[in-house]
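> Sequence and predicted structure below; questions after.
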Amino acid sequence: MTSIIICFYERLTHLKHCLDSLRFSQNDFDEIVISDDGSSPDTVTALHKLIATYDFPIHHVWQEKKGFRVAAARNNGIRTAKGDYLIFFDCDFLILPGTVRAHLNHAEKKRFVAGNCKYLDEKQTADIFKEEFTGELLNKLYNSLPEEQLLREHRKFNRRTWLMRLHLCSPRKQSLGGHFSIHREDIEHINGYDENFIGWGGEDEDLGVRLVMAGSYCVSAITSARILHAWHQREQNSVDWRNGVNIEYFHRKHIPIFAKNGLF
């Protein structure tokens, strides 16, 4: 059984288009879990009305808003999901036909799969949000955007993975990209996300480090699992992460494989 876990907060329009895009892959998954980091009661009411319009199972799990707690939200998604294989997306993704299948094609025990995105600008996002879109339109838009950066990321990612497997590169260099997937037992083995990460950044990097330390390795689906990232105003960026509240915690001397404040 395959579960898709989507992190969400307030961006209902983005989520609607994300769910619409998953209609093109609905034969490749069994359920969707929307893990909500504290959206308002009005948003939750509207969300439940939206969920009822889809013909595949969608569950909603909510936590109280106490800062940016995406690590805790993802753990809530894992707890709620029934699947033995888990795929993690964000609500601002437009998921192209074949992307869920690309994750499943790489699925093996002790192996997790990472992908990336092509980014839409404000006008491109507004245009595609205007009306119902098709899988062909998503493919056309994706193919019109530059490929070179993703190809570079794919090569760099694969090189780093092999260096890690040969113990020639630190596990702290592991990254998960924009979306990833994993067998439930592998993420449960390290107790899921570390919920001490509150605020933007670091929780994915920490998860990747601990998975590698536990004996798993990562493969790239950057070129095969295709996603468009819809534009929105960004609250944070990589500079904020490097200067943020989580950077010192991530670089602590000892990272335990099993998160002390995690899934269980």
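That came through fine.
> you'd agree residue 83 is up against residue 32?
No. Residue 83 is beyond contact range of residue 32, at 10.3 Å (criterion: C-beta atoms under 8 Å). Just so you know, the C-beta spots here come from the backbone N, C-alpha and C atoms, and that holds for glycine as well.
> Which residue of the two possesses the greater neighbour count?
Higher neighbour count among residue 83 and residue 32: residue 32, with 24 against 18, using other C-beta atoms under 10 Å.
> Run through the residues that contact the closest residue to residue 121 other than its chain neighbours.
By the measure of C-beta to C-beta, 6 or more residues apart in numbering, the closest residue to residue 121 outside its immediate chain neighbours is residue 231, 5.7 Å from it. Residue 231 makes contact with 119, 120, 121, 122, 124, 125, according to C-beta atoms under 8 Å, 6 or more residues apart in numbering.
> What does residue 231 show for phi and psi?
Residue 231 has phi and psi values of phi -70, psi 140 when expressed as degrees, to the nearest 10.
> where's it relative to residue 20, distance?
Separation of residue 231 from residue 20 (C-beta to C-beta, to the nearest Å) stands at 17 Å.
> One more: residue 79?
From residue 79 over to residue 20 the distance is 26 Å, taken as C-beta to C-beta.
> hang on, the earlier thing: mind listing the shared neighbours of residue 83 and residue 32?
Common neighbours of residue 83 and residue 32 (C-beta under 8 Å, 6+ apart) are residue 3.
> The stretch 1-150 of the chain: helices as residue ranges?
In the stretch 1-150 of the chain, the helices defined using DSSP state H, counting those that start in this stretch lie at 12-22, 41-51, 70-80, 99-105, 122-129, 135-144, 148-165.
> most tightly surrounded among these?
helix 70-80 (a mean of 23; mean count of other C-beta atoms under 10 Å).
> Helix or strand, whichever it is, which one in the chain has the lowest mean pLDDT?
For the chain, using mean pLDDT, DSSP states H and E, the weakest element among its helices and strands is helix 238-242, scoring a mean of 57.
> after it comes which helix or strand?
Note on helix 238-242: by DSSP states H and E, the next helix or strand toward the C-terminus is helix 247-250.
> quick one: average pLDDT of that next one?
The average pLDDT for helix 247-250 rounds to 83.
> Would you mark the buried spots in that helix?
Along helix 247-250, these residues count as buried under the neighbour rule (16 or more other C-beta atoms under 10 Å): 249, 250.
> what do you get for stretch 194-214?
Those would be 194-213, for stretch 194-214 by 16+ other C-beta under 10 Å.
> Give me the average confidence score over that stretch.
On average, stretch 194-214 scores 92.
> Save the contacts of residue 231 as TSV, and put in distance to residue 159 and pLDDT too.
As requested, the contacts of residue 231 are arranged in TSV below (distance: C-beta to C-beta, whole Å; pLDDT from 0 to 100):
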residue	distance to residue 159	pLDDT
119	24	96
120	28	97
121	30	96
122	34	96
124	31	96
125	33	97
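> wait, what's in contact with the residue found closest to residue 250 once you drop the neighbours it is linked to in the chain?
Of all residues not flanking residue 250 in the chain, residue 202 sits nearest, at 4.4 Å (C-beta to C-beta, 6+ apart). With contact taken as C-beta under 8 Å, 6+ apart, residue 202 is in contact with 241, 244, 246, 247, 249, 250.
> how much space is there between residue 202 and residue 22?
28 Å.
> tally of neighbours for residue 182?
26.
> Show me where the stretch 151-264 of the chain has its strands.
Listed in chain order, the strands of the stretch 151-264 of the chain (DSSP state E, counting those that start in this stretch) span 179-183, 217-220, 227-229.
> Most tightly packed of those?
When these are compared using mean count of other C-beta under 10 Å, strand 179-183 is most buried, at a mean of 24.
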